[in-house]
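Enquirer: build me a model:
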Amino acid sequence: MQYGVLRTADGPALGTVVLIHGGFWRGTPDYFDGPAPLAEALVARGWHVWQVEYRQTPNGGGFPATLDDTAAAVEHLAVAASSLGVEPGPVVTVGHSAGGHLAVWALSRPGGVLPLAGAVSLAGVLDLRLGEREAIGRGAVAAFLGGSSSQHPERYAAADPATRIVPALPVRVVHGRQDDVVPLNQSESYAEAARRAGQDVAVAVVDADHMAVIDPTRPAFDALLEALDEIRATVR
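Expert: Next up is the predicted model:
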């Protein structure tokens, strides 16, 4: 299923967050609502939030449908904002877990028209080949891409943020040190590759487990706000 909800801040906004939920790219209906409190907290802090849904496995998602939906959702923000008379301002993709993967991947989406200012990953799966080797999420990476990297190297090349780095756009990463769902090495591996490529990237390790990084009452929320401010400051 593909849809979005645009929540608007009162008065002039700082910009727009494209908020993408996680769930290891698997079709669980309640995942869309998971980051709703985070969306509301961001709106209260002056950001518009475009919260989007995408097709997931086994319900029509996987490669390339999930990526296509993400790219289409980013572009559709312009339509949704115009229909409400909203000025998006700087647009930053923010995603949790598998949504973190999609948020960072969106910077390199083919044929992208709507400008993005950067991306924030909240405990995201940012190195798909590493995730495949470690079988995170009970083999979620291979399930998402329809097989192993040896079977489908072109799919991994098209989908892996760690090999699709956009040096001109900043990335910020927030990851919990107690995360036992998506290992911290996912963020560390991406950051190492991004720095080699000349990208402005930083990792904030916070006192949190996997779900606490989307809890606006926890310290991770302050780290997210700081990350958004840093990205916004790079917009000329």
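
Enquirer: alpha carbons only for contacts and neighbour counts from here, please
Expert: Fine.

Enquirer: what about the longest helix belonging to the chain, average pLDDT?
Expert: Across the chain, the longest stretch assigned as helix under DSSP state H is helix 65-83. Confidence over helix 65-83, taken as the mean pLDDT, stands at 96.

Enquirer: restricting to C-alpha, output it in PDB.
Expert: Presented in PDB, the C-alpha positions along helix 65-83 are these (Å, rounded to 0.1, in the frame of the first residue of the first chain):
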ATOM      1  CA  ALA A  65       9.000  -2.000  -5.700                       C
ATOM      2  CA  THR A  66       9.900  -0.700  -2.300                       C
ATOM      3  CA  LEU A  67      12.600   1.500  -3.700                       C
ATOM      4  CA  ASP A  68      10.300   2.800  -6.400                       C
ATOM      5  CA  ASP A  69       7.700   3.600  -3.800                       C
ATOM      6  CA  THR A  70      10.200   5.500  -1.700                       C
ATOM      7  CA  ALA A  71      11.400   7.600  -4.700                       C
ATOM      8  CA  ALA A  72       7.800   8.300  -5.700                       C
ATOM      9  CA  ALA A  73       6.900   9.300  -2.100                       C
ATOM     10  CA  VAL A  74       9.700  11.800  -2.000                       C
ATOM     11  CA  GLU A  75       8.700  13.300  -5.300                       C
ATOM     12  CA  HIS A  76       5.000  13.400  -4.300                       C
ATOM     13  CA  LEU A  77       5.800  15.700  -1.400                       C
ATOM     14  CA  ALA A  78       5.800  18.600  -3.900                       C
ATOM     15  CA  VAL A  79       2.200  17.700  -5.000                       C
ATOM     16  CA  ALA A  80       1.000  17.200  -1.400                       C
ATOM     17  CA  ALA A  81       2.600  20.500  -0.200                       C
ATOM     18  CA  SER A  82       1.200  22.500  -3.100                       C
ATOM     19  CA  SER A  83      -2.300  21.100  -2.500                       C
END
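
Enquirer: ok, R155 to S187 distance?
Expert: Distance of R155 to S187, given as CA to CA, to the nearest Å: 21 Å.

Enquirer: next up, the contacts around A223.
Expert: By CA atoms under 8 Å, 6 or more residues apart in numbering, the residues touching A223 are 174, 204, 206.
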